[in-house]
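# missing the sequence, but the structure's below:
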């Protein structure tokens, strides 16, 4: 009997492994090299408003390793580059600050990089701001129209208990200014209290990296981090709003705008522009964003609606097949066979 059980387990594991390898084989290679892209090539940046509308402060982590481990961390480059250009294109000057100042550590995932991200790396002015980030204790809230907390797992270690960050957030809140954050960036809001002793986020609609997303990527996250971000925000009284894992979700609560994950970054930045009283400049939606819309249509309306949407995207070649395939792989790893097969069907149709 034991021998039969072991053989059965081996066959099952082998089949699952083969299935995952097959799905990974569906992921097409990067079709275009964006590594030499410059800001001058991005049409979105060429027709901004003539009048400068003020300044926005982007805050990144200074943490290089996760707690007592040796695992490197930092801020997510895509979560800085994309808002940086959204704010710039809409007439704002962007300054960059960090808890320690100087050059903060960046996390660069080449699989997520697009033209805006490489343009940011090739942008001499932007890189000078990054390399010489302003120490957070030298920042004056009065100089800025909005503050944006960039994500990255490092924020979990140096944002929540930083008294200078807490003071800035309170000042922005008191003066009715816009506060934004994405992914792990809302860690900056986790321990902020108002003058009456109440948590800033109590009763406020908040989105941030969810427990589901965190624990899938890092099963022992509760031991690695000081806390799980979703848990802490809920403990502080936030009305936590989560969307499907690894898809776009942005919460707007007055002047407080928060995004769930990296795929929420574009929309969070544009919602901040709206909260500052302006209509965001039209921007060509990226293939990755279209793919996220397709997956959201599947999650919210089912396969047939997603298939209809796919037809329009395929005809315009506005689809990131690599991202679609990766979501199929994630579904397989999470033992969601129905969803996995549906995404494979969509991926197959995208190639017709």
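Thanks, I have the structure now. Predicted, not measured: the structure shown is a model, and the values here were computed from it.
# and residue 72, how many neighbours does it have?
Residues lying near residue 72 (other CB atoms under 10 Å) number 13. C-beta: built from backbone N, CA, C; applies to glycine.
# start the count at 744, not 1, going forward
Noted, 744 is the first residue going forward, which turns the last one into residue 815.
# what's the spacing between it and residue 926?
17 Å (CB to CB, to the nearest Å).
# for residue 995, same thing?
From residue 995 to residue 926 the distance is 16 Å (CB to CB).
# And the nearest residue to residue 819 once chain neighbours are set aside, how far from residue 802?
Leaving aside its chain neighbours, residue 819 sits nearest to residue 895 (4.5 Å; criterion: CB to CB, 6 or more residues apart in numbering). The gap separating residue 895 from residue 802 is 11 Å, by CB to CB.
# got any residues that touch both of these two?
Listed as contacting both residue 895 and residue 802 by CB atoms under 8 Å, 6 or more residues apart in numbering are residue 928.
# How many residues are close by residue 784?
13.
# Quick check on residue 829: phi, psi?
The phi/psi pair for residue 829 (degrees, to the nearest 10) reads phi -60, psi -50.
# To clarify, my last question referred to residue 994.
Torsion angles, degrees, to the nearest 10, at residue 994: phi -110, psi 130.
# Surely it is in contact with residue 932?
No: Residue 994 sits out of contact with residue 932 when judged by CB atoms under 8 Å, with a separation of 11.8 Å.
# who's more crowded, the two?
Regarding residue 994 and residue 932, a neighbour count based on other CB under 10 Å identifies residue 932 as having more, with 29 against 24.
# now this structure, which segments are flagged as low pLDDT?
744-774, 1057-1059 (pLDDT under 70).
# Doesn't residue 962 belong to a strand?
No: Residue 962 is assigned coil when assessed by DSSP: H, G, I helix; E, B strand; the rest coil, not a strand.
# So it versus residue 1076, what's the distance?
On the measure of CB to CB, residue 962 and residue 1076 end up 12 Å apart.
# The two: who's more crowded?
A side-by-side neighbour count of residue 962 and residue 1076, using other CB under 10 Å, places residue 1076 first with 13 against 10.
# quick one on the thing from earlier: what helix or strand is the residue nearest to residue 819 located in?
Per DSSP states H and E: residue 895 is located in neither a helix nor a strand.
# From residue 944, how far out is it?
In terms of CB to CB, residue 895 sits 20 Å off from residue 944.
# For the residue nearest the centre of the chain, give me its contacts.
The centre of the chain sits closest to residue 1005, judged by CA atoms, centre = their mean, with a distance of 1.6 Å. Contact analysis of residue 1005 by CB under 8 Å, 6+ apart lists 819, 821-822, 855, 894, 925-926.
# How about the backbone phi and psi for it?
According to degrees, to the nearest 10, residue 1005 has phi -60, psi -30.
# How many neighbouring residues does the closest residue to residue 833 other than its chain neighbours have?
Using CB to CB, 6+ apart and skipping the chain neighbours, the partner closest in space to residue 833 is residue 1016 (4.9 Å). Residues lying near residue 1016 (other CB under 10 Å) number 25.
# Great, nothing more from me.
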